[in-house]
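Asker: Quick check, what structure comes out for this input:
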Amino acid sequence: QNLSIPHQFLSNGNLLWTRKKNGIIRAYQIYIQPKKTDGVHQYYSQPLRFNTGNPEVTSFNVTGLQPDTKYKVQVAALTRKGDGTRSQPVNVKTPGGVPSRPDVDLKLVDTDHKITMDLEWKAPKETYGELKGYRVRYGRINQDQLTDILITDPNVHHQEISGLEKGIEYEFRVAGVNNVGPGQETIKYYLTPEGVPTDAPKNITWRFQTPDVVEIVYDAPPEHARNGQITKYEIQFWKGADPNQKKLRQTTEQKTVFANLDDNTEYKFSVRANTRKGYGPWSTQQSFRTDRNIVRAPLNVKAMATSDSGVQVWWEAVPLRSKVIGYEVFYSMTAVEDLDQWQRKTVGLTTSIDLVNLERHAQYSVAVAARTIDDTLGRLSQRVAVKVKPEDVPLNLRGEGVTTHTMRLTWGPPIRLTPINYQISYDAYKEFVDAQGVTQAVRIPKITILVSHKTTEYTIKDLSPFTTYHVNVSAIPDDRSYRPPAKITVTTQMAAPQPMVKPDFFGVKKDTPGVITVYLPQASEEYGPISHYYLVVIPFANSTKIKHPDYYDSSDLSTNSQLKPSTKDSKEEYESRAYITAKFLQRSLPYTFPLGDGIKFEGFLNRPLQKNVYYKIFVRAYVDIPQKHLYTSSPFSPNLSLDMPFGLGLLEWLKELV
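Answerer: All right, here's what the predicted structure looks like:
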């Protein structure tokens, strides 16, 4: 909106506008069209275009305009969907006062290897002051940067330009220069002549993409022998035993691919280059031979969409188990012979793979080759086409109402297939750290359930907490042939840790009076990762008021840990309350712990112990789950006391008591 142009607008000037935001603007496009006056239209068949490259700017400096020329200027916003509506046009005329256009003639001087042109011109009819010289500019058409030549002698009326390439259209511009600056330009176009190549392509090589697909690569003929722009290459290809049956392939690339080659067969080929004038000589014939014992292609390759972005591919195994170590799966939206342009996946000794992150509703071609023990590929299978649109699989498979031990599955019927049953299968694999700190691996075997074709939901029970299950639901057709399943992964909720063993007495040492060393048990993380542990102390453990560990409320224990005695009565009450003496984060729980050493652990004071008092302790482990308090408490330890003999463990102390 509000496009404006300063009054002074010579060969460059600043455009100003205001933004009108409608969508996400990526840049602005500026259109400048010379108006059909003074013969200007003969030089510009298309408007000049400038891109700001920045959505924030509202001004732009336009350069390279002709003096004394009328222009129509418009601005449009660029969004992700393309050009927006152009602004209302603003008309402007660049000032004059500079020389008018000179008359220019072009002459071809030399065509040996490179082209040389000679420009001749006459002095401008109007110079508007003293003529200082001329400016010559040249370059390829539509090239942003032109080469400038400044001639300071006004009596020079020609310029020779050499080193031009054959078969290229160039533009040549000549303008007179006075005290104001360069004048109006005369623009001439010239397509340089070309001939046929006088030499063949060079550096010709070949390699097998698979044992039955060969890639041939070559460079263009030497520059001095091209005689123009190479427009295409021709490759003739034949079996060595049958030279009369030659295939001719044409391409603009410096590479071509031939597929479906026979085993143990010699092939020959040669290459030549073409310009617009014709073709050059053939290269020297080259040959290669395919392998005698190519591993056969996988049979019955099939593919079917399982979602809006996924496809399952399956095939029959190649029965050479001693030689085959896996498979290579190729897939592409453009079924070209060049396998380098295909995407690929490598798998082990399996007969299926899921391709993911594909384009919705796009058509893909898929092929499979066996991978051998010497890291080569076998013969490529037949290509199969598949559309990424699920039609034979259950739709919208979801896991809902997931608990620690159950999940409810829901799905919709396939678009095309009418099943006789649905088959549900699920399995899992998990790793966790057990109560001894050892990483355990558990594989839950696959369980398969068959349900009625009228069923579109099912609840699976007896699951393990905090386990990620791989769930498949497939539709069974009338002929009971294979159909790929819809797949999801569902993780059951965390649960409190499994029961723990009790803490135990380690001993009392002379060098640490007031401290009892104890063994502390860890919790298994099978049902969820441990967030933290509390070590809880129960004073006067021989009292009849002692409760089961689970009956001690964590908030009360935490409050008791922060209290400080103020009177004699409160001190006795303070010393009799259960409290948290230490907190340990995640897996930092020590195997042995000095109970009563007076040090703080994560904000909790490990209070010194009192003589003539019996204590019990227990460990409480919390699962790392927000907004829930899932924990398991260990059983009580045996009675602990500072009166235990120095250096004796529990068993030795009990023996002495007996």
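
Asker: burial measure for the residue lying closest to Pro47 once chain neighbours are set aside, as a count.
Answerer: Nearest residue to Pro47, sequence neighbours excluded (CB to CB, 6 or more residues apart in numbering): Gln33, at 4.1 Å. For glycine as for every other residue, the C-beta is placed from the backbone atoms N, C-alpha and C. Other residues near Gln33 come to 16 when the count uses other CB atoms under 10 Å.

Asker: three-state assignment of Gln33?
Answerer: strand (DSSP: H, G, I helix; E, B strand; the rest coil).

Asker: How about Ala385?
Answerer: What three-state DSSP gives for Ala385 is strand.

Asker: Tell me the pLDDT of it.
Answerer: Looking at Ala385, its pLDDT is 95.

Asker: wait, doesn't it sit right on Thr334?
Answerer: No: counting by CB atoms under 8 Å, Thr334 is not a contact partner of Ala385; they are 11.9 Å apart.

Asker: Mutual contacts of those two, please.
Answerer: Ser365 (CB atoms under 8 Å, 6 or more residues apart in numbering).

Asker: Please list all residues in contact with the residue nearest to Pro47.
Answerer: For Gln33, the contact set (CB under 8 Å, 6+ apart) comprises Tyr44, Pro47, Leu48, Tyr71, Lys72.

Asker: and what of Lys202?
Answerer: Taking CB under 8 Å, 6+ apart as the test, what Lys202 contacts is Tyr218, Asp219, Ala220, Pro221, Pro222, Ser283.

Asker: For Ile449, state which of those residues is nearest.
Answerer: Ranked by distance to Ile449 (CB to CB), the contacts of Lys202 are led by Tyr218 at 59.7 Å.

Asker: tell me the secondary structure for the closest one?
Answerer: Tyr218 ends up strand, using three-state DSSP.

Asker: picking up where we left off before, just put the contacts of Gln33 in CSV and tack on neighbour count and pLDDT.
Answerer: Below are those laid out as CSV (neighbours: other CB atoms under 10 Å; pLDDT from 0 to 100):
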residue, neighbour count, pLDDT
Tyr44, 16, 53
Pro47, 14, 73
Leu48, 15, 80
Tyr71, 25, 83
Lys72, 14, 86
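
Asker: Please report the distance of the closest residue to Asn274 other than its chain neighbours from Tyr279.
Answerer: Leaving out its chain neighbours, the residue that sits closest to Asn274 by CB to CB, 6+ apart is Lys232, at 4.9 Å. From Lys232 across to Tyr279, the span is 9 Å (CB to CB, to the nearest Å).

Asker: quick one: common contacting residues for those two?
Answerer: Ala273.

Asker: ok, back up a step: mark which of the contacts of Gln33 are part of helices, please.
Answerer: Among these, no member falls in helices (DSSP state H).

Asker: Can you verify my assumption that Leu589 contacts Val518?
Answerer: No: between Leu589 and Val518 there is no contact, the gap being 11.9 Å when judged by CB under 8 Å.

Asker: Comparing the two, which residue is more hemmed in?
Answerer: Val518 (24 against 21).

Asker: quick check, distance from stretch 113-133 to the centre of its chain.
Answerer: Computed by CA atoms, centre = their mean, to the nearest Å, the separation of stretch 113-133 from the middle of its chain amounts to 56 Å.

Asker: With only the CA atoms kept, save that stretch in CSV.
Answerer: Extracted as CSV, the C-alpha positions of stretch 113-133 are listed here (Å, rounded to 0.1, in the frame of the first residue of the first chain):
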residue,chain,number,x,y,z
HIS,A,113,37.9,-22.2,-30.2
LYS,A,114,36.4,-19.1,-28.7
ILE,A,115,34.2,-16.4,-30.2
THR,A,116,35.4,-12.8,-30.7
MET,A,117,32.9,-10.0,-31.4
ASP,A,118,33.5,-6.4,-32.6
LEU,A,119,31.1,-3.6,-31.6
GLU,A,120,31.0,-0.5,-33.7
TRP,A,121,28.8,2.6,-32.9
LYS,A,122,28.2,6.1,-33.9
ALA,A,123,28.2,9.1,-31.6
PRO,A,124,24.8,9.9,-30.0
LYS,A,125,22.7,12.5,-31.8
GLU,A,126,22.1,14.4,-28.5
THR,A,127,25.0,14.7,-26.0
TYR,A,128,23.6,17.4,-23.7
GLY,A,129,27.0,18.7,-23.0
GLU,A,130,30.5,17.5,-23.7
LEU,A,131,30.8,13.8,-24.5
LYS,A,132,33.4,12.2,-22.2
GLY,A,133,33.5,8.7,-23.6
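
Asker: Can you give me the buried ones in it?
Answerer: Within stretch 113-133, the residues scored as buried using 16 or more other CB atoms under 10 Å are Ile115, Thr116, Met117, Leu119, Trp121, Pro124, Thr127, Tyr128, Leu131, Lys132.

Asker: Strands - which of the residues you listed land there?
Answerer: Members of the buried residues of stretch 113-133 lying in strands (criterion: DSSP state E): Ile115, Thr116, Met117, Leu119, Trp121.

Asker: Looking at these, which one is closest to Ala495?
Answerer: Ile115 (82.9 Å).

Asker: quick one: the helices in this structure?
Answerer: Using DSSP H, helices in the chain cover 223-226, 554-562, 568-576, 650-657.

Asker: rewinding a little: which residues touch the residue nearest to Asn274?
Answerer: Lys232 sits next to Gln250, Thr251, Thr252, Ala273, Asn274 when contact means CB under 8 Å, 6+ apart.

Asker: beta partners of Lys302?
Answerer: Trp314 (DSSP bridges).

Asker: hang on, it packs against Val313?
Answerer: Yes: counting by CB under 8 Å, Lys302 does reach Val313; the two are 7.3 Å apart.

Asker: Those two - which one has more neighbours?
Answerer: For Lys302 versus Val313, neighbours defined as other CB under 10 Å are more numerous around Val313 (26 against 16).

Asker: For the residue nearest to that one when sequence neighbours are not counted, list the residues it contacts.
Answerer: Closest residue to Val313 in three dimensions, ignoring its sequence neighbours and counting by CB to CB, 6+ apart: Ala303, at 4.6 Å. Taking CB under 8 Å, 6+ apart, we find Ala303 in contact with Val311, Gln312, Val313, Trp314, Tyr364, Val366, Val384, Val386.

Asker: tally of neighbours for the first one?
Answerer: By that I understand Val311. Using other CB under 10 Å, Val311 has 23 other residues around it.

Asker: wait, it sits on Leu355?
Answerer: Yes: Val311 is in contact with Leu355 according to CB under 8 Å; the separation is 4.7 Å.

Asker: Name whatever forms a beta bridge with Tyr631.
Answerer: For Tyr631, the beta-bridge partners are Tyr622 (DSSP bridges).

Asker: check contacts around it.
Answerer: Here Tyr631 is in contact with Ala496, Pro497, Ser554, Arg620, Ala621, Tyr622, Val623 (CB under 8 Å, 6+ apart).

Asker: For the second one, give me the pLDDT.
Answerer: Looking at Pro497, its pLDDT reads 92.

Asker: again with the third one
Answerer: As predicted, Ser554 sits at a pLDDT of 87.
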